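sharing a sequence plus its predicted fold:
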Amino acid sequence: MREKLREMGYVISHNIHRDRFLKNLDVCVRFRGAVVAEACFTDDGDSAYCHHVKVEPEYRRRGIASAMYQYAESIFLKKLENHWHDDPETQSPEARAFWAQPHRPFGFLSK
């Protein structure tokens, strides 16, 4: 997925912040120099999950969010969990639909 985005002209970059217990990963996707998507992921040692992901409306449905999730999994070396699956106040309808896909290529729904 990341290679496909690169072929389409997108650039993915990241920054890692560590403290005693957490590894936080900020991911940014640019197109022609403009930020079109960003996300923040955390690995707490036991599990890895996404705090937030934002893709500009005109760039949605192109695989950008999926690429960011796969990118985070490749850095953390573990599958991402959906810690917010049952909280409609913290997860948008789009996010709930995203995680409800039975055959998504990464992560799993934690219960």
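Yep, it's here.

ok, residue 40 touching residue 22?
No: the pair residue 40 / residue 22 is not scored as a contact, 11.3 Å apart, by Cβ atoms under 8 Å. For glycine as for every other residue, the C-beta is placed from the backbone atoms N, C-alpha and C.

neighbour count winner among those two?
When residue 40 and residue 22 are compared on other Cβ atoms under 10 Å, the one with more neighbours turns out to be residue 40, at 17 against 11.

assumed that one was part of a strand.
Yes: counting by DSSP: H, G, I helix; E, B strand; the rest coil, residue 40 is located in a strand.

list the contacts of it.
24-27, 50-53 (Cβ atoms under 8 Å, 6 or more residues apart in numbering).

in strands, which of those fall?
Counting by DSSP state E, the part of the contacts of residue 40 found in strands is 24-27, 50-53.

where does residue 68 land in three-state SS?
Under three-state DSSP, residue 68 comes out as helix.
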